[in-house]
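1. attaching a predicted model along with its sequence, questions to come.
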Amino acid sequence: MRMALRFVLPLLLVLGLIAWLAAPAVGGLIEKWFRADVEMRSRLIFNSVQENVAEQVRSGSSRQVDGLFRRIAQDERVLALGLCDNSGKLVRRSAAWPASLGCPGDNSAEPSFTVAHLNNGSVLAASFALASTGAPQGHLVILHDLGFIERRLSSAESYLAAFLGFLGLAAAGVTAIVARLTLRGWLSTLQRGLKGQPGTGSDRRDAPEMAPLLREMRKAMRSLEAPRGLSDAIRVDWGPDSLRSLLRDEMPDAEVLVVSNRQPYIHNMEDGKVTLQRPASGLVTALEPIMRACGGTWIAHGSGSADSLMVDKSDHLAVPPEAPAYTLRRVWLSDEEQDGYYYGLANEGLWPLCHIAFVRPIFRASDWEQYMAVNRKFADAVVAEATTPNPVVLVQDYHFALLPQMVRERLPEATIITFWHIPWPNPEMFSICPWKEEILAGLLGSSILGFHTQFHCLNFLESVDRFLASHIDRELSVVRDVDGNTTLVRPYPISIEWPPVALADTPPVDQCRELVRQRYGIGADVHLAVGVERFDYTKGIADRFRAVQSLLEQHPEWIGRFTLLQVAAPTRGRLSAYQITQEEAEGLAAEINERFGRDDWRPVLLVARHHEPDEVLTLFRAADLCLVSSLHDGMNLVAKEFVAARDDEDGVLVLSTFAGASRELREALIVNPYDIQGMGEAMHVGLTMPADQRRERMKLMRELVSEHNIHHWAGRMLLDAARMRKSRAIQNQMVQAVPAGGGRHV
Ligand code: F6P
């Protein structure tokens, strides 16, 4: 109705104005037509009676003239007739001749027509010269009433106004209907176009005139959605402040929730006292600075023996303990849940499935049940912790493959960013998982799914392509599932805090060297290599020991002059594969030490205990070499931590080509950990590398890690999430503009 009025009022106004302006001209024209008509009638009458009248005048028969006038005046248009003599005097007239009207006073031989305005209207006096045998006999004057012209004019004006009014209404109605249909067509074309539904563009329902606009809008939407080059993010000096302003400026309403299995702070009961431990976890190393910068809630498994003593009644704890900046929400798991979900499906199934380390994955149906139940439990915790309908949920790792979809079902507006911290296998490898479809569908509940490398993204996309019905846009790296949900799949190489917070309290390099040598009984002239990891079979610890053996065999000059200090935190010790890994490494270290060692020197020092971050930094600063020989690794943050620890710009990194970090730290000595002799050679090269070359390489690697730090990692994901939230807001507005089946707002 509003739409129709919008057209009707202006149209009526315009038509009224046209009518008002045109009325005088139209009236004049009509009057002219009627006058010409009356004049012609006067001529006709004159022509038909002139002889008769002339005859009667000539014969002087007044009665005959009056009778003739009476008959002619019966014509309804003829008002009266009169006879004027040659002197212009009215000598005869019919009854209706107006008393106030004399002869027109024109004595010419030519007919003349004059309009006389009388009290009761206008009359046309048509004067014709009467002649008989050439002698003038006066004039016959025929009076016509012109009142009918005025009457007709006024009714013609009324008809015209009514006609224009009707025309206006009809035109407005038709225009409104056509405009409404066209607009609806345009909007639904836009709607389909913006939703990116297949068929748009060539769909017959699409309005062709919308094609250019749609193209432009898609371009704009793409620029919001499209992956940006790293250069976009490089321009920002990423740190806690830039991350905070990103959240404040780009996502002012965003509530940040993190979900991970491992918690950043573990409280244990030791000898009747509560102790605090920071776990050996790359994930925790990466995410903790983010949470310190942004605040929010971190939901994780309360695995420590004293964890339950430290939380409030909502299972909350403010952390870090020394300067609380965010909330840790602990989730409790039974032993049964822990066994099935963590040890079973996650670490005996998915972990070996995703790492090429030749450990056979084990899939048990009972583990899968627990995995689903625990994912559901954590999803419940996310929903319970969310205070807004659209939080930003950062889901971490292979423990929670099903959680994104579970959260999406209950918080459809949430921005879910899932990061997979380990490699993604190729589709052949992935196909052995009995629940591959469920895992893929679960992950596609994410708005953004991140991996460390492009290679892992491609493996994931191939797996989706192979096992799920979905649409993959490889240019944009976006997967659209059957329900129309989209997931952006992108590489976000994870990193570390720059500079590491513990570095400020760590002694200078010389003192660190001194400290470590004293602590582990290493001579001042011995070159030191360090290895720091969890005791995991993917880390290639035994292969590293074999490489030390090869180094000593190939380059005996290092006997007595080189030691590898290997720090390994026991992990997942309940699993036989881990027990075997530790036993193998310990046996091998003992063997090598037996073969090459002396009373005052051992080539391999293996310390199987957890080290806190400050101890690890001290080790890195004391080392000549750092060995990272992972058989397969998503990223490996030890490599980046070593680089960050070396503010003296010294030290050599030996890095496995199968760790994601090797894609970024090109100046490391890149090795194949399966090539034992090659790795031994690389160690030799590192140990003999000239100082200026060591410095040059370290400098370049430090530049890279300082720029691509953990805030850069989080910043890029959050920037993508912010773009996505904006783009979704635009789409929602477009969709709401055309309500289903109605178009009320059109
Ligand atoms: O590499 C995957 C990962 O989750 C890391 O992020 C983390 O460093 C490690 O595994 C920790 O394992 P867990 O929590 O089982 O000790």
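-> Thanks, I have it.
2. please count neighbours and contacts with C-alpha atoms only from this point.
-> Noted.
3. residues in contact with residue 72?
-> Contacts for residue 72 were tallied using CA atoms under 8 Å, 6 or more residues apart in numbering; they are residue 78.
4. against which helices or strands is the helix or strand where residue 25 lies packed?
-> Element membership for residue 25 (DSSP states H and E) is helix 2-59. If you count contacts as 3 or more CA pairs under 8 Å, 6 or more residues apart in numbering; DSSP states H and E, helix 2-59 packs onto helix 62-72, strand 121-132, strand 135-145, helix 147-195.
5. so it versus strand 121-132, what angle?
-> Orientation of helix 2-59 against strand 121-132 (axes from the mean of the first three to the mean of the last three CA atoms, to 10 degrees) gives an angle of 30 degrees.
6. residues from the stretch 251-400 of the chain in reach of the ligand?
-> 262, 281, 282, 283 (CA under 6 Å from any ligand atom).
7. let's go with 8 Å and repeat that
-> Residues of the stretch 251-400 of the chain found near the ligand (CA under 8 Å from any ligand atom) are 261-262, 279-285, 342, 347, 396-398.
8. a markdown table for those residues, including pLDDT, secondary structure and distance to residue 30?
-> Below are those laid out as a markdown table (pLDDT from 0 to 100; DSSP: H, G, I helix; E, B strand; the rest coil; distance: CA to CA, whole Å):
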| residue | pLDDT | secondary structure | distance to residue 30 |
| --- | --- | --- | --- |
| 261 | 98 | coil | 94 |
| 262 | 97 | coil | 96 |
| 279 | 91 | coil | 102 |
| 280 | 77 | coil | 102 |
| 281 | 84 | coil | 99 |
| 282 | 78 | helix | 96 |
| 283 | 86 | helix | 94 |
| 284 | 91 | helix | 95 |
| 285 | 84 | helix | 96 |
| 342 | 98 | helix | 99 |
| 347 | 98 | helix | 100 |
| 396 | 98 | strand | 88 |
| 397 | 98 | coil | 90 |
| 398 | 98 | helix | 91 |
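9. can I get the buried part of the residues you listed as one ChimeraX selection?
-> Remark: buried members of these, expressed as a ChimeraX selection using 16 or more other CA atoms under 10 Å:
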select :261,262,279,280,282,283,284,285,342,347,396,397,398
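10. in a markdown table: the residues of the stretch 251-400 of the chain next to the ligand, plus distance to residue 519.
-> Formatted as a markdown table, these follow (distance: CA to CA, whole Å):
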| residue | distance to residue 519 |
| --- | --- |
| 261 | 34 |
| 262 | 30 |
| 279 | 23 |
| 280 | 21 |
| 281 | 24 |
| 282 | 26 |
| 283 | 29 |
| 284 | 27 |
| 285 | 25 |
| 342 | 36 |
| 347 | 34 |
| 396 | 37 |
| 397 | 36 |
| 398 | 38 |
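11. tell me which of the residues of the stretch 251-400 of the chain next to the ligand is nearest to residue 563?
-> residue 280 (23.4 Å; CA to CA).
12. ok, that closest one touching residue 610?
-> Yes. Counting by CA atoms under 8 Å, residue 280 does reach residue 610; the two are 7.1 Å apart.
13. joint contacts of the two?
-> Shared between the contact lists of residue 280 and residue 610 (criterion: CA under 8 Å, 6+ apart) are residues residue 569.
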